[in-house]
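Q: can you look at this prediction? I've put the sequence above it.
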Amino acid sequence: MTTAIAVNDLFVSYNGNEALRNVTFAVEEGNLVGIIGPNGAGKSTLLKVLLNLIKKDTGKVEILGKSIKEMKTKVAYVPQRSNIDWDFPITVMDTVLIGTYPNLGIFKRPKKEHKDWALECLKKVGMADFGNRQIGELSGGQQQRVFLARALAQKPEMYFLDEPFVGVDVTSEEKIISILKELRDSGKTVVVVHHDLSKASDYFNELILLNKELIEHGIVEKVFQPAVLNKAYTNQFSPILGTEVTS
């Protein structure tokens, strides 16, 4: 199998404060990977470093054997909803069309074929009837589905999503995870920052467990064990996996 992501000896800091230290792992193509860990563990930081949105202090990151700069058209990113300006005056269709831009070339505009493809992507996420709606008029779940459609429109080899299930309705969450599993099954690599441990074993086939350093990485059955999780979530869980201790 081909290595999709290779991270070696990664160190990251903000203003002298350590965010990630000594992180090393590799992910093979065709996996749906959840990045889990407590608040402040560096989950979103890791995702952004993989995409070169945050500079690393030291270490090496490769995407499909190359630098992210060389592979940027092969990678799609769905950011946290809280990082998006929902007041920006843009329609749902135009939002999805942006996903076609990386493959258009400089100064070229989308043609009918690109608009048809954008519509297909909207149909895929169940949002085809909202093409002319302003993006800010949608619910949280609808907005997230539109941004997934934008990622699909890019036709990438890899997908990176930062907390895609936060603030979305059940229908949208089910639709999104169904599509992500389909992408994995078709050979794509999908990496998701995720906080809800109760669904981790259902959603992913691999997990990366972080708490500023790599606690464990591997198949869900290997990582999703009380003894392993407690290394990151110290004293936060009872022996019944995923049950928070209130005292």
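A: Sure, I can see it. Numbers count the residues shown, from 1 in each chain.
Q: in the longest helix along the chain, what counts as buried?
A: Counting by DSSP state H, the longest helix found in the chain is helix 170-185. Neighbour counts over helix 170-185 (16 or more other C-beta atoms under 10 Å) mark Ser172, Glu173, Lys175, Ile176, Ile177, Ile179, Leu180, Lys181, Leu183, Arg184 as buried. C-beta: built from backbone N, CA, C; applies to glycine.
Q: closest to Ser67 among those residues?
A: Using C-beta to C-beta, Leu183 comes nearest to Ser67 of those, at 23.2 Å.
Q: show me what contacts the closest one?
A: By C-beta atoms under 8 Å, 6 or more residues apart in numbering, Leu183 lies in contact with Leu32, Tyr159, Val190.
Q: could you give the mean pLDDT of the longest helix of the chain?
A: Confidence for helix 170-185, expressed as mean pLDDT, is 97.
Q: who touches stretch 52-61?
A: The contact list for stretch 52-61 (C-beta under 8 Å, 6+ apart) reads 5-13, 23, 45, 48-50, 67-69, 77.
Q: any of those residues buried? List them.
A: Among those, the ones that count as buried (16+ other C-beta under 10 Å) are Ile5, Val7, Leu10, Phe11, Val12, Val23, Thr45, Lys48, Val49, Leu50, Ile68, Tyr77.
Q: Ser201 - how many residues pack around it?
A: 16 (other C-beta atoms under 10 Å).
Q: please identify the helix or strand for it.
A: helix 200-203 (DSSP states H and E).
Q: that older thread, mind checking how far the longest helix of the chain is from the chain centre?
A: On the basis of C-alpha atoms, centre = their mean, to the nearest Å, helix 170-185 sits 12 Å off its chain's mean C-alpha point.
Q: who are the packing partners of the next helix or strand after it?
A: On the C-terminal side of helix 170-185, the closest following helix or strand by DSSP H and E is strand 189-193. Contacts defined by 3 or more C-beta pairs under 8 Å, 6 or more residues apart in numbering; DSSP states H and E place strand 189-193 against strand 3-14, strand 17-28, strand 32-36, helix 43-50, strand 158-162, helix 170-185.
Q: need these in a markdown table with distance to Gln144, can you?
A: Below are the helices and strands packed on strand 189-193 laid out as a markdown table (distance: least, C-beta to C-beta, whole Å):
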| stretch | distance to Gln144 |
| --- | --- |
| strand 3-14 | 23 |
| strand 17-28 | 23 |
| strand 32-36 | 17 |
| helix 43-50 | 16 |
| strand 158-162 | 9 |
| helix 170-185 | 6 |
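Q: of all those, which one is nearest Leu207?
A: Smallest distance to Leu207 across these (C-beta to C-beta): 5.1 Å, for strand 32-36.
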